[in-house]
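Student: Could you work out the structure for the sequence below:
(one chain, ligands or ions: 2)
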Amino acid sequence: MLVLGLETSCDETGVALFDSERGLLADALFSQIDLHRVYGGVVPELASRDHVKRMLPLIRQVLDEAQCQASNIDALAYTAGPGLVGALLVGASCAQALAFAWGVPAVGVHHMEGHLLAPMLEEQPPQFPFVALLVSGGHTQLVRVDGIGQYQLLGESLDDAAGEAFDKTAKLMGLNYPGGPEIAKLAEQGAPGRFVFPRPMTDRPGLDFSFSGLKTFALNTWQQCRDSDGDLDQARRDIALAFQQAVVETLTIKCKRALKQTGLNNLVIAGGVSANKALRESLERMLAEMRGQVFYARPQFCTDNGAMIAYAGCQRLLAGQHEDLAIKVQARWPMESLPAI
Ligand code: KG4
Ligand code: ZN
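Tutor: Numbers count the residues shown, from 1 in each chain. Ligands and ions are numbered 1, 2, ... in the order given. Coordinates of the predicted model:
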């Protein structure tokens with residue numbers, strides 16, 4: 001089955017062609033980062049308008065790259081939520097219109113299920129069951145995964161998502177959006193031990209997270225540095241390192257707890273923050289001690305992309321699922337409500 005996947009939940013227009021027999025044939029992405037950077041974050045209306053502008057040229061590009069005719073496409077998959085409603089509607093309308101015109105089915109995909117299944121596109125995909133750590137700009141969740149659509153939420157962030165905490169901490173130090181990669185880059189030159197940030201909610205049982213206090217801690221530390229007349233560039237690097245270490249250690253502690261609680265020893269990490277090198281290394285060390293394995297997607301499939309939507313949609317289409325003609329998207333959508341296949 002050849003599936004054209006469209007991703008438009010936030011500030012990335014992603015398009016990909018996935019074939020159930022031959023794998024990923026082509027994928028293309030247009031990132032709106034430059035468009036939103038001047039505002040320090042995503043402006044929803046600008047995001048929607050830009051998706052409209054980019055979508056059809058990207059679809060043409062992907063079809064050309066895969067040397068594929070529209071008539072070969074068996075189905076469409078699009079992100080139906082969670083995300084920015086206006087942005088989601090662009091992908092949903094486009095997918096439903098093409099599906100109607102081509103006489104093929106279309107399926108709405110849950111964005112976080114897309115992230116969760118992205119490591120399946122790699123050479124050594126994880127086997128069910130496993131624990132998944134989903135860490136993106138909007139979500140931080142630990143999930144027990146027994147199969148596609150068999151999700152048990154083990155814990156989640158009570159306030160900011162991990163990616164959001166990276167973005168906010170970067171912004172308060174005057175760094176560019178998105179802050180995750182900026183902080184990661186600066187942290188490489190940070191002096192270990194100059195600042196020590198708390199590890200929120202690790203001193204009590206449970207698998208929930210809270211990251212908003214770290215941003216406040218970063219703000220206070222940054223203000224103290226500005227009030228003294230030290231080197232502010234070095235202060236940024238040292239805060240970036242201390243902040244990243246706190247997030248990474250907190251996530252590692254909770255993942256270890258989730259693996260112990262479930263008795264599983266395979267961990268999947270997915271979502272934008274799973275591109276973070278320090279996080280990957282820390283989890284790899286922990287899993288090596290537990291004689292388990294950690295799985296993640298290549299960096300460009302950790303952040304938003306069309307390939308994960310084409311893949312996840314293909315699995316659901318193969319199981320016989322598809323939408324009717326109504327164009328439905330959801331800003332909020334609990335992943336546990338998805339049907340099992
Ligand atoms: O999954 P994603 O592309 O979009 C959402 O679904 O939210 O995740 C974006 C988030 C942003 O907050 C970004 O700062 C963060 O992922 N991110 C990173 C890194 N690359 C992206 N955070 C830490 N380290 C990175 N290398
Ligand atoms: Zn995402």
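
Student: count of neighbours near the residue in the stretch 201-341 of the chain positioned nearest to ligand 1?
Tutor: Nearest residue of the stretch 201-341 of the chain to ligand 1, counting by C-beta to the nearest ligand atom: residue 272, 2.1 Å away. Bear in mind the C-beta positions are built from the backbone N, C-alpha and C, glycine included. Using other C-beta atoms under 10 Å, residue 272 has 25 neighbouring residues.

Student: I'd assumed residue 163 was in contact with it.
Tutor: Yes: contact criterion C-beta atoms under 8 Å: residue 272 and residue 163 qualify, at 5.1 Å.

Student: what touches both of the two?
Tutor: By C-beta atoms under 8 Å, 6 or more residues apart in numbering, residue 272 and residue 163 have these common neighbours: 135-137, 178, 180.

Student: circling back: please give me every residue in contact with the residue of the stretch 201-341 of the chain closest to ligand 1.
Tutor: By C-beta under 8 Å, 6+ apart, the residues touching residue 272 are 135-137, 163, 178, 180, 302-304.

Student: Now render the residues you listed as JSON lines, adding distance to ligand 1, secondary structure and pLDDT.
Tutor: Below are the contacts of residue 272 laid out as JSON lines (distance: C-beta to the nearest ligand atom, whole Å; DSSP: H, G, I helix; E, B strand; the rest coil; pLDDT from 0 to 100):
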{"residue": "135", "distance to ligand 1": "7", "secondary structure": "strand", "pLDDT": "98"}
{"residue": "136", "distance to ligand 1": "3", "secondary structure": "coil", "pLDDT": "97"}
{"residue": "137", "distance to ligand 1": "3", "secondary structure": "coil", "pLDDT": "96"}
{"residue": "163", "distance to ligand 1": "3", "secondary structure": "helix", "pLDDT": "98"}
{"residue": "178", "distance to ligand 1": "4", "secondary structure": "coil", "pLDDT": "95"}
{"residue": "180", "distance to ligand 1": "2", "secondary structure": "helix", "pLDDT": "98"}
{"residue": "302", "distance to ligand 1": "7", "secondary structure": "coil", "pLDDT": "98"}
{"residue": "303", "distance to ligand 1": "3", "secondary structure": "coil", "pLDDT": "98"}
{"residue": "304", "distance to ligand 1": "4", "secondary structure": "coil", "pLDDT": "98"}
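
Student: give me the subset of those touching ligand 2.
Tutor: Among the contacts of residue 272, the residues within reach of ligand 2 (C-beta under 5 Å from the ion) are 136, 304.

Student: about what we covered before: may I see the shared contacts of residue 272 and residue 163 organised as JSON lines, with neighbour count added?
Tutor: Output for those, formatted as JSON lines (neighbours: other C-beta atoms under 10 Å):
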{"residue": "135", "neighbour count": "29"}
{"residue": "136", "neighbour count": "24"}
{"residue": "137", "neighbour count": "25"}
{"residue": "178", "neighbour count": "24"}
{"residue": "180", "neighbour count": "26"}
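
Student: need those residues in a markdown table with distance to residue 249, can you?
Tutor: Shown next, in a markdown table, are those (distance: C-beta to C-beta, whole Å):
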| residue | distance to residue 249 |
| --- | --- |
| 135 | 14 |
| 136 | 19 |
| 137 | 21 |
| 178 | 22 |
| 180 | 17 |
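
Student: Right, and ligand 2 sits closest to which residue of the stretch 201-341 of the chain?
Tutor: At 4.4 Å from ligand 2, residue 304 is the closest residue in the stretch 201-341 of the chain, using C-beta to the ion.

Student: follow-up on the earlier one: report pLDDT for the residue of the stretch 201-341 of the chain closest to ligand 1.
Tutor: pLDDT recorded at residue 272 is 98.

Student: list the contacts for the residue lying closest to it once chain neighbours are set aside?
Tutor: Among residues not flanking residue 272 along the chain, residue 303 sits closest, at 4.5 Å (C-beta to C-beta, 6 or more residues apart in numbering). Residue 303 sits next to 12, 272, 275 when contact means C-beta under 8 Å, 6+ apart.

Student: Phi and psi next, for the last one.
Tutor: In other words, residue 275. phi -80, psi -10 (degrees, to the nearest 10).

Student: How far away from the center of its chain is the lengthiest helix in the chain?
Tutor: Across the chain, the helix with the greatest residue count (assigned by DSSP state H) is helix 232-262. Taking C-alpha atoms, centre = their mean, to the nearest Å, the mean C-alpha location of helix 232-262 is offset from the chain mean by 18 Å.

Student: So which bits of it are buried?
Tutor: 235-259, 262 (16 or more other C-beta atoms under 10 Å).

Student: and what of stretch 199-215?
Tutor: 199-202, 207-209, 211-215.

Student: check whether that stretch contacts ligand 1.
Tutor: No: for stretch 199-215, no contact with ligand 1 is found by C-beta under 6 Å from any ligand atom; the gap never falls below 11.1 Å.

Student: just to revisit the earlier point, for the contacts of residue 303, give me a markdown table that also has distance to residue 153.
Tutor: Shown next, in a markdown table, are these (distance: C-beta to C-beta, whole Å):
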| residue | distance to residue 153 |
| --- | --- |
| 12 | 25 |
| 272 | 20 |
| 275 | 23 |
